[in-house]
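Enquirer: got a predicted structure plus its sequence, pasted below:
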Amino acid sequence: MKHCGALLCVAALSCGHLFSQVMWQSKDRSFDGDTLRLVRLGFDRTLNTFHWDGAFLFGVQSDLVKLSTKQTLRSRVIRSDIRSLQDEYVGKTQIAYGWKENWEIRSLAISSVLSDNRSIDLSRLSQHQFLAGLGAQPERELSFEALAGWELNSQENVFEQGPIFALHGEGSKWRFEELHLDAQAVWTQTNLKQRRPYDGGVRVTVRRDFGNQAGDSLVFRFNTQRRDLFINAESRLQNLFQIQQNVFRRALQEFEVGNYLTFMPVESMNASLGASLTGRTIERGVRYKDYDSPTIQLDNRIRDLTLNLRALIVWSGWEDWLSAEVDMAHIEHEERHTVVDDSRVSSAVAESQAASARRLEHISKWTSIATRLWLFPSRSDSFNIQSSVSILRYDTPDTTNTDDRDEFLMAGGISYTHLFSRSFSFFASIDANVSHLVYIHRAQSASNVWNRTIRLSAGSAFRPSAAFFTRNTAEVTATYAVYDFEEALNQVQSFSFRQARWIDSTVVTLSRRIQLDFLGSLRLFQRGALRWKEFTERPENEYEELAVWPQVHYRWGAWEFGVGLRLFQQSRYTFDQSGQRRFEQVIRSLGPTASIRYAAMSGIFVLAEGWREQQSVNSANATAISNLTCQIGVQL
């Protein structure tokens with residue numbers, strides 16, 4: 001905690017120095033009034049977990065100088081037998097000075113610090129990057145940036161430093177006859193003593209418009225990334241290589257090629273077609289290996305390829321009282337796992353790990369179609385009808401992997417709203433879904449299950465005046481899970497889940513200063529064993545939940561004060577073999593709530609919310625728990 005406090009002070013002093021320099025250079029000049037400037041501090045306590053967070057955002061701009069900074073700090077403490085402490089700081093500051101026309105001298109400072117006393121690996125990290133260079137925008141559609149600097153990096157008590165450079169270029173809205181071209185390229189690399197992390201990519205978009213009713217775009221994207229992290233080395237590696245930490249490497253290469261077409265077949269219809277192919281290769285491994293160890297872990301490689309097809313049609317017509325949408329999609333994904341060949345490893349070890357990697361391979365195909373229909377037969381009536389069907393096929397090429405399965409999902413629903421007047425409305429809905437999960441292999445066929453759910457809800461909203469509003473909703477839900485081989489297997493049992501719920505939300509404004517709020521809900525739900533063919537049920541558990549929260553709010557200028565009382569009670573029941581309901585226990589939580597809010601036109605805001613509750617089981621063993629949330633901020 002002291003470490004993060006010191007970091008925050010250093011960040012604040014640094015930003016204060018930068019701010020004073022910019023203010024001196026931009027004296028008597030106009031500033032961009034839309035720049036976000038904010039200082040915020042927050043605190044939250046929930047049970048034995050304490051959170052602190054802070055943020056400082058500031059930006060200023062003149063004819064010659066632009067500055068923006070964002071500093072965030074977060075800390076978490078969990079009080080238990082072994083206290084958990086986690087601190088995190090992230091800061092970024094950018095300064096640009098107008099050197100010549102269309103040229104800028106730019107500087108960038110990025111810092112991140114993480115400390116966690118409960119984490120084994122990656123528990124202490126710090127990274128500080130300082131870069132400076134030139135940025136230019138010779139044309140409106142073209143800009144580029146070249147920065148170089150130094151990085152200080154510490155991880156697991158290993159300190160490294162080295163040069164860093166970053167390149168960025170962007171061109172937009174270039175025209176070559178009938179083609180429009182957008183391009184972006186970025187590359188960042190750091191050369192540390194033992195690690196060489198980098199991150200780069202290129203994205204090119206070529207678009208051609210065919211009049212005002214059609215357009216076609218080609219997208220090409222390539223990304224590459226490498227991350228090197230220190231991890232604790234095993235004792236045998238420490239003695240063999242005289243090291244304390246090993247280096248874990250993760251390298252990524254990814255590409256995407258896509259074509260996207262939008263057109264208007266008729267005046268009231270819009271359509272879009274898209275197809276993309278994405279490929280990715282990930283290599284993971286450690287630098288130091290003990291080749292004489294029988295438990296050596298070889299480097300592994302993951303290759304996946306994804307084909308994504310989509311068609312969307314939106315239609316509206318008949319004087320805007322009817323509109324429809326059809327969305328179709330098809331995704332094919334293939335993932336392959338291999339180990340990297342290494343001649344220093346015996347063929348038996350290599351084949352064993354290769355076989356383990358192959359067990360993770362899979363090929364999946366997912367197809368879906370969804371329709372939506374909006375009807376407005378009158379000014380006071382509206383319907384919304386939705387339906388969808390999807391099928392997933394998941395195959396594993398390796399015969400030892402028994403996770404092959406098919407999943408079918410069908411869902412649909414209709415909702416209706418009627419406006420009796422400007423102050424009173426009624427709404428109702430019904431929706432249902434059916435899913436079927438089927439495992440192909442016999443070893444997992446016991447998990448084959450049908451799930452059926454139906455939900456009915458209705459409610460009303462009433463606002464006779466600005467001083468009164470109430471919304472009431474009633475809902476019933478039934479879910480039935482039926483296993484395919486229930487009669488042949490004793491370890492699976494079909495079950496049903498039924499629920500009824502009522503919710504009331506009311507707001508009454510007594511005067512300009514006093515407002516009453518009420519939120520209440522009653523929830524009844526039951527779980528039981530189900531025999532689907534006979535459609536009979538034997539109840540097993542039943543719950544009754546009651547939640548009530550009345551509040552009184554008082555406004556005085558920019559201040560708002562609130563007090564309330566919150567009650568939550570859950571009664572639990574079980575059923576014996578004869579079907580008789582027996583009381584099990586009641587859990588009750590009761591206590592006052594309070595809140596203070598302040599929001600001034602000057603940009604200062606304060607929020608404090610808290611509650612103290614007495615928790616008891618069967619009216620005994622009462623436990624007092626306090627919770628508090630605070631936020632203080634200033635918008636500069």
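Expert: Received, thanks.
Enquirer: ok now do residue 429, which residues does it touch?
Expert: The contact partners of residue 429, by C-beta atoms under 8 Å, 6 or more residues apart in numbering, come to 413, 414, 415, 416, 455, 456, 457, 458. Backbone N, C-alpha and C define where each C-beta goes, glycine included.
Enquirer: cutoff 7 Å now
Expert: 413, 414, 415, 457 (C-beta atoms under 7 Å, 6 or more residues apart in numbering).
Enquirer: tell me how far the strand or helix carrying residue 202 is from the chain's mean position?
Expert: Element membership for residue 202, per DSSP states H and E: strand 198-209. How far strand 198-209 lies from its chain's middle: 25 Å, per C-alpha atoms, centre = their mean, to the nearest Å.
Enquirer: sheet partners, orientation included, of the helix or strand following it?
Expert: Using DSSP H and E, the helix or strand that directly follows strand 198-209 along the chain is strand 214-232. Note on strand 214-232: by DSSP bridges, its sheet partners are strand 198-209 (antiparallel), strand 245-263 (antiparallel).
Enquirer: list the buried residues of strand 214-232.
Expert: 215, 217, 219, 221, 222, 223, 224, 225, 226, 228, 229, 230 (16 or more other C-beta atoms under 10 Å).
Enquirer: follow-up on the earlier one: got a quick ChimeraX command for the buried subset of the contacts of residue 429?
Expert: In ChimeraX, this line selects whichever of the contacts of residue 429 come out buried by 16+ other C-beta under 10 Å:
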select :413,457
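Enquirer: tell me the two of the contacts of residue 429 that are most distant?
Expert: 414 and 457 (11.6 Å; C-beta to C-beta).
Enquirer: and of the strands paired with strand 214-232, who's closest to residue 82?
Expert: strand 245-263 (23.9 Å).
Enquirer: contacts for whichever helix or strand comes after the closest one?
Expert: Where DSSP H and E defines the elements, the next helix or strand beyond strand 245-263 is strand 269-286. By C-beta under 7 Å, 6+ apart, the surrounding residues in contact with strand 269-286 are 246-265, 299-315, 340.
Enquirer: other residues contacting the helix or strand just after strand 269-286?
Expert: Note on strand 269-286: by DSSP H and E, the next helix or strand toward the C-terminus is strand 300-317. Outside strand 300-317, the residues that touch it by C-beta under 7 Å, 6+ apart are 268-285, 323-340, 357.
Enquirer: paired strands for strand 300-317, with orientation please.
Expert: Strand 300-317 sits in its sheet next to strand 269-286 (antiparallel), strand 322-339 (antiparallel), going by DSSP bridges.
Enquirer: got those as a markdown table, with mean neighbour count columns?
Expert: Formatted as a markdown table, those follow (neighbours: other C-beta atoms under 10 Å):
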| stretch | mean neighbour count |
| --- | --- |
| strand 269-286 | 16 |
| strand 322-339 | 16 |
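Enquirer: same list, those, but as CSV with mean pLDDT and distance to residue 90 please.
Expert: Listed next are those as CSV, based on pLDDT from 0 to 100; distance: least, C-beta to C-beta, whole Å:
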stretch, mean pLDDT, distance to residue 90
strand 269-286, 95, 26
strand 322-339, 95, 33
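Enquirer: now the helix or strand containing residue 364: buried residues?
Expert: Element membership for residue 364, per DSSP H and E: strand 362-378. Of all the residues in strand 362-378, those buried under the rule 16+ other C-beta under 10 Å are 362, 363, 364, 366, 368, 370, 371, 373, 374, 375.
Enquirer: centre-most residue in the protein?
Expert: Note on the chain: the residue nearest the mean C-alpha position is residue 74, at 18.5 Å, using C-alpha atoms, centre = their mean.
Enquirer: what's across from that one in the sheet?
Expert: residue 53, residue 88.
Enquirer: low pLDDT regions in the stretch 451-600 of the chain?
Expert: Scanning the stretch 451-600 of the chain with the threshold set as pLDDT under 70 gives 488-492.
Enquirer: name the residues that touch the strand holding residue 364?
Expert: 321-335, 382-397.
Enquirer: point out where this protein drops to low pLDDT.
Expert: 1-36, 119-122, 318-319, 488-492.
Enquirer: ranges for the helices of it?
Expert: In the chain, the helices defined using DSSP state H lie at 2-25, 235-241, 347-358.
Enquirer: same question for the last one: list its buried residues.
Expert: Going by neighbour count (16+ other C-beta under 10 Å), the buried part of helix 347-358 is 349, 350, 353, 354, 357, 358.
Enquirer: let me know the closest of those to residue 623.
Expert: Closest to residue 623, out of all of these and judged by C-beta to C-beta, is residue 357, at 49.9 Å.
Enquirer: the closest one touches residue 336, doesn't it?
Expert: No: between residue 357 and residue 336 there is no contact under C-beta atoms under 7 Å: 8.9 Å.
Enquirer: related to what we said a few turns ago, okay, the buried residues of strand 214-232 in a markdown table with distance to residue 82 next?
Expert: As requested, the buried residues of strand 214-232 are arranged in a markdown table below (distance: C-beta to C-beta, whole Å):
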| residue | distance to residue 82 |
| --- | --- |
| 215 | 60 |
| 217 | 55 |
| 219 | 50 |
| 221 | 46 |
| 222 | 46 |
| 223 | 40 |
| 224 | 41 |
| 225 | 35 |
| 226 | 35 |
| 228 | 30 |
| 229 | 25 |
| 230 | 24 |
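Enquirer: how about stretch 64-77 as CSV, C-alpha atoms only?
Expert: Output of stretch 64-77 as CSV, limited to C-alpha atoms (Å, rounded to 0.1, in the frame of the first residue of the first chain):
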residue,chain,number,x,y,z
LEU,A,64,1.9,25.0,-30.0
VAL,A,65,1.5,22.5,-27.2
LYS,A,66,-0.8,19.6,-26.6
LEU,A,67,-0.7,17.5,-23.4
SER,A,68,-2.8,14.6,-22.2
THR,A,69,-2.3,12.4,-19.2
LYS,A,70,-4.2,9.5,-17.6
GLN,A,71,-3.2,8.1,-14.2
THR,A,72,-5.1,5.3,-12.5
LEU,A,73,-4.4,3.5,-9.2
ARG,A,74,-6.2,0.5,-7.8
SER,A,75,-5.7,-1.4,-4.5
ARG,A,76,-7.4,-4.4,-3.0
VAL,A,77,-7.2,-5.9,0.4
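Enquirer: pipe the contacts of residue 429 into TSV and attach distance to residue 609 per row.
Expert: Listed next are the contacts of residue 429 as TSV, based on distance: C-beta to C-beta, whole Å:
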residue	distance to residue 609
413	36
414	39
415	34
457	30
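Enquirer: could you measure from the closest residue to residue 463 other than its chain neighbours over to residue 517?
Expert: Once flanking residues are discounted, residue 463 sits nearest to residue 469: 4.6 Å by C-beta to C-beta, 6 or more residues apart in numbering. Counting by C-beta to C-beta, to the nearest Å, the gap from residue 469 to residue 517 is 10 Å.
Enquirer: shared neighbours, those two?
Expert: Listed as contacting both residue 469 and residue 517 by C-beta under 7 Å, 6+ apart are residue 507.
Enquirer: tell me how many other residues crowd the nearest residue to residue 546 once chain neighbours are set aside.
Expert: Computed as C-beta to C-beta, 6+ apart, the closest residue to residue 546 that is not its neighbour in sequence is residue 569, at 4.8 Å. With neighbours defined by other C-beta atoms under 10 Å, the count for residue 569 comes to 15.
Enquirer: correct me, but residue 569 touches residue 613?
Expert: No: with contact defined as C-beta under 7 Å, residue 569 does not reach residue 613; the gap is 11.8 Å.
Enquirer: give me the beta-bridge partners of residue 127?
Expert: Residue 127 has the following beta-bridge partners by DSSP bridges: residue 112, residue 153.
Enquirer: tell me the contacts of it?
Expert: Taking C-beta under 7 Å, 6+ apart as the criterion, residue 127 is in contact with 111, 112, 151, 153.
Enquirer: now those residues: which count as buried?
Expert: The neighbour count (16+ other C-beta under 10 Å) marks 111, 151, 153 as buried among these.
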